[in-house]
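Asker: Mind folding the following:
(one chain, ligands or ions: 1)
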Amino acid sequence: MSVRVGILGATGAVGQRFIQLLEDHPTFELAALTASESSAGKSYREAAKWRVNTPIPDDVAEMTVGATTPEDVPDDVDLLFSSLPSGVAADVEPDFLEAGYVVSSNSSNDRMAPDVPLTIPEINPDHLDLIEVQREERGWDGALVKNPNCSTITMVPTLAALDQFGLEAVQVSTLQAVSGAGYSGVTSMEIIDNAIPHISGEDDKMETESRKLLGAFDGAELELHGMDVSASCNRIPTLDGHLENVFAETAEDVSVDEAAAAMREYPSVDLPSSPEPLIHVFEDFDRPQPRLDRERGDGMQISAGGLQETTNGVQYNCLAHNTIRGAAGASLLNGELLVEEGWV
Ligand SMILES: N[C@@H](CC=O)C(=O)O
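Answerer: Down below sits the predicted model:
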């Protein structure tokens, strides 16, 4: 079965990752690319400054880029991936949803809306049924599904594994790669020989999105997880791969061996982009490391290591590739789930 897909915001850094990940995808056939008005009508090769570490696929290079309006997307496209800047996405995604498109979006707008599924297929696939609520409330024929922020998605699979011990509170400090800020996000003068101890808006995303992802959905309403999450997000001069130091407080005592087994055994799902296993656990205290471990599972695996008991739980490090598992790969996997569950 082949599903025709499009990319909204195809010329940006995440748009380029989508193109890379869609090359040779077993189900998805790339059929539409959109970008800003200034790119519309150009070939993709002319419109995009290609910066991904594999060549632009020849057929994609010759595709004509459309404007980001439903009129410029062929009717036979079944699924759209959105990597629009969040301000633009907030304006234009609703037009596509009203026009009946199913949109799997990486943009941060609406992630916490009560009727929008914020989904990681291995963690909370049942939340996808919020689409029923969304369609009823908004009157859309289409459907909007979001994936979390890259720093959230790095930590939440490990928390999902630990939740069997009764998660009560989480403190996390991040060391985030420069690609998370986009190609021109931090200048070399700001970041070389440096670390920047604040990423605007990022603490709040981790604190809220993680509670939604681990929340309980009863078919009508979603209740946020009761744990308390405190995040401190920092930029460091790595290119890709967000490393995070997590302190998880649990109601029950948990040993290092129990925590490691819970993470190792946390199930993956049977979708083309889901890695097996979902979480790789290192015994070493000095792993995971961004340069060594970000490409594990084609950039889709979560790594953890440095597990130690604390007075009220465990501490550890975790890592994921922020532009693959944390962005384009996350939306793609949500698209695979949408197909599997019959929403596309
Ligand atoms: N908001 C994130 C994006 C993820 O890569 C960041 O700034 O790093």
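Asker: going forward, measure contacts and count neighbours with C-alpha atoms only.
Answerer: Noted.
Asker: what number of residues lie near G201?
Answerer: Residues contacting G201 under the criterion other CA atoms under 10 Å number 9.
Asker: again, but for A327
Answerer: 26.
Asker: T250 against A161, yeah?
Answerer: No. The criterion here is CA atoms under 8 Å, and T250 misses it with A161 at 11.9 Å.
Asker: For A248, name its beta-bridge partners.
Answerer: V170, V314 (DSSP bridges).
Asker: ok, it - contacts?
Answerer: 159, 167-171, 312-315 (CA atoms under 8 Å, 6 or more residues apart in numbering).
Asker: Just give the nearest non-adjacent residue to the residue of the chain found nearest the ligand, would you?
Answerer: Going by CA to the nearest ligand atom, the ligand is nearest to G180 of the chain, at 3.1 Å. Once flanking residues are discounted, G180 sits nearest to N322: 6.6 Å by CA to CA, 6 or more residues apart in numbering.
Asker: host element of that neighbour?
Answerer: Using DSSP states H and E, N322 sits in no helix or strand.
Asker: got a list of what it touches?
Answerer: Neighbours of N322 in contact, by CA under 8 Å, 6+ apart: 150-151, 154, 177, 179-180, 240-242.
Asker: Residue numbers of this structure in contact with the ligand?
Answerer: Proximity of the chain to the ligand, by CA under 6 Å from any ligand atom, involves residues 150, 176, 180-181, 322-323.
Asker: Most neighbours among the residues you listed, please name it.
Answerer: Most surrounded of those: other CA under 10 Å gives N322, at 30 neighbours.
Asker: distance of it from T154?
Answerer: Look at N322 and T154: by CA to CA, to the nearest Å, they are 8 Å apart.
Asker: Need the residues touching each of these two.
Answerer: By CA under 8 Å, 6+ apart, the residues touching both N322 and T154 are H242.
Asker: Please, where are all the helices along the stretch 101-250 of the chain?
Answerer: Assigned by DSSP state H, counting those that start in this stretch, the stretch 101-250 of the chain shows helices spanning 130-138, 150-162, 188-191, 202-213.
Asker: Pipe the ones you listed into JSON lines and attach mean pLDDT per row.
Answerer: JSON lines is the format used below for the helices of the stretch 101-250 of the chain (pLDDT from 0 to 100):
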{"stretch": "helix 130-138", "mean pLDDT": "97"}
{"stretch": "helix 150-162", "mean pLDDT": "98"}
{"stretch": "helix 188-191", "mean pLDDT": "97"}
{"stretch": "helix 202-213", "mean pLDDT": "98"}
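Asker: Need these in a markdown table (columns: distance to P114).
Answerer: Listed next are those as a markdown table, based on distance: least, CA to CA, whole Å:
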| stretch | distance to P114 |
| --- | --- |
| helix 130-138 | 9 |
| helix 150-162 | 18 |
| helix 188-191 | 37 |
| helix 202-213 | 9 |
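Asker: most tightly surrounded among those?
Answerer: Among the helices of the stretch 101-250 of the chain, ranked by average contacts under mean count of other CA atoms under 10 Å, first place goes to helix 150-162 (a mean of 24).
Asker: Specify the angle between it and helix 202-213 in degrees.
Answerer: Using axes from the mean of the first three to the mean of the last three CA atoms, to 10 degrees, the inter-axis angle of helix 150-162 relative to helix 202-213 is 40 degrees.
Asker: what's in contact with helix 150-162?
Answerer: With contacts defined as CA under 8 Å, 6+ apart, helix 150-162 is touched by 120, 122-123, 167, 174, 176, 180, 202, 205-206, 209-210, 213-214, 242, 244, 246, 248, 259, 262-263, 266, 279, 302, 304, 318-320, 322-323, 325-327.
Asker: what about 7 Å?
Answerer: Outside helix 150-162, the residues within contact range by CA atoms under 7 Å, 6 or more residues apart in numbering are 123, 206, 209-210, 214, 242, 259, 262-263, 266, 302, 318-320, 322, 326-327.
Asker: Could you tell me which of these are located in strands?
Answerer: Among these, the residues falling in strands (DSSP state E) are 242, 302, 318-320.
Asker: Stretch 197-206 spans what distance, first to last residue?
Answerer: End-to-end distance (CA to CA), stretch 197-206: 15 Å.
Asker: residues in contact with that stretch?
Answerer: In contact with stretch 197-206 (CA under 7 Å, 6+ apart) are residues 149, 151-152, 231-235.
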